[in-house]
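Student: below is the sequence, then the predicted model.
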Amino acid sequence: MAREEKPVRLRPIDEAAEKAKPVIRLANAETLQRGNDVAPIRLRSSHSETEEKQRLELPSRDEVELRTHQPGVEVLIETETYNPESVEQAWDVSSAERKPIPWGWFVLTAMIIASAAIWSLTRVEESKEQIGQIEVETQSVLEHEEKEELEATLLIERIDKEMRDFFAATEVDDLIRRVRQPERVGPLMRSYYADKKVFSGNLKSVKSLQPLTIGNSGNFWKANVLRSAGKTENLIIEILETGEPKIDWETMVCYQPMEWNDFVAQRPQGTSMDFRVMVEMDSFYSHEFADSNQWKSFRLTTLGSEETLFGYTPADGELTKSLIDFIHKNGDKKANVILRLSIPETIQSRRGVVIEKFLSPRWIYLDSPDSRP
């Protein structure tokens, strides 16, 4: 049976009938002096006390329905029953609807890992092979260097012995056996020592010994030695293919076919001689060689002498060109050369000679001049 609906209305309240609220006194130094007889000061609100106050009054819950539709008790009681198995079956269906596991990705990942492992093992094996090869090559290099060092030590010992035997010789034939190109140099040595002693003083010490490259040949050594007589000698030693060291005697004594001073003073006409001289370009022209269009002038000096000669070559000849090119390559400075010189008969120039041939760009013959065309 539905309840009768009653209207909601406002009911006025009489506050005068309400019980007076107790007064709480706030005490301080000033109020304590006044005492308790002083009437309290009431604090009032901002609105006027004369305004009529109203309270919202609701009807009793028993007399009026506060909702438009009030469900009955039967609604609150659930009559439907649930089967637990159906609930679990629903769980199984939801689990069965999950996406399948992507096994292909696992296989691909496994293949990548396996490939990486195989590649790593391969690299390790290659590294081991490379390390083994490097060790073999290193060992080979060390053995080669050790062999070269041993050979160099033995070579230095042979050079030292050869030099000591050379300066200990007292006969020309003993010297000839220890010099370069003995077939050509032997006769020169016999002529050179015909009127002088072979040596005076043995080898005392080797001050320096170092490899020397001459031209394209690296089979030479340069030595500076001190003899017991106090004289210092500079030697050039060639190492033959057989390993024998041979001394270049011509550069040691700076061999000349005759003394340079004697050649300048005597001026033997009609003969040709090979001299070790220092050559440079010059502009001196006189007598038979006065025409600079016909002749090219070169200044000639030699070691241990202050005498100067002027050698002349045909101005347009290949010999002139070869000498000029060689001097330019030497920085336009004096260059050590071996030249074949001659003094023509009936020549009037006191300082002029003819340069017949450019024999060597240094004071040593790498090859015997007799073997040249």
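Tutor: In hand now; what should we look at? Numbering: from 1, shown residues only.
Student: what comes up buried for stretch 330-350?
Tutor: For stretch 330-350, the neighbour count (16 or more other C-beta atoms under 10 Å) marks Ala335, Asn336, Val337, Ile338, Leu339, Leu341, Ser342, Ile343, Ile347, Ser349 as buried. C-beta: built from backbone N, CA, C; applies to glycine.
Student: who are the contact partners of Val279?
Tutor: Residues in contact with Val279 (C-beta atoms under 8 Å, 6 or more residues apart in numbering) are Phe298, Arg299, Leu300, Gly311, Leu323, Ile327, Lys334, Ala335, Val337, Leu339.
Student: next one: phi and psi at it?
Tutor: Main-chain dihedrals, Val279, degrees, to the nearest 10: phi -120, psi 140.
Student: lowest-pLDDT helix or strand in this protein?
Tutor: helix 84-96 (a mean of 51; mean pLDDT, DSSP states H and E).
Student: ok, Ala169 touching Phe199?
Tutor: Yes - the pair Ala169 / Phe199 is scored as a contact, 7.0 Å apart, by C-beta atoms under 8 Å.
Student: could you pull out the strands for this structure?
Tutor: 9-12, 54-57, 203-214, 217-227, 232-239, 245-247, 272-281, 295-301, 309-314, 335-342, 352-360 (DSSP state E).
Student: neighbours around Leu212, how many?
Tutor: 15 (other C-beta atoms under 10 Å).
Student: surely it meets Asn219?
Tutor: No - assessed by C-beta under 8 Å, Leu212 is found out of contact with Asn219, at 9.2 Å.
Student: would you map out the domains in this structure?
Tutor: The chain breaks down into these domains under automatic domain parsing: 106-253, 260-371.
Student: can you redo those as a markdown table with mean pLDDT?
Tutor: As requested, the domains of the chain are exported to a markdown table (pLDDT from 0 to 100):
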| stretch | mean pLDDT |
| --- | --- |
| domain 106-253 | 86 |
| domain 260-371 | 92 |
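Student: most packed of these?
Tutor: Looking across those with neighbours counted as mean count of other C-beta atoms under 10 Å, the highest average goes to domain 260-371: a mean of 16.
Student: look through the protein and tell me its longest helix.
Tutor: The single longest helix within the chain, with elements called by DSSP state H, is helix 103-168.
Student: and it, what does it pack onto?
Tutor: With contacts defined as 3 or more C-beta pairs under 8 Å, 6 or more residues apart in numbering; DSSP states H and E, helix 103-168 has these neighbours: strand 203-214, strand 217-227, strand 232-239, strand 245-247.
Student: hmm, who's touching the shortest one?
Tutor: Read that as strand 245-247. Strand 245-247 is contacted by residues 155, 158-159, 162-163, 166, 178-180, 221, 235-240 when judged by C-beta under 8 Å, 6+ apart.
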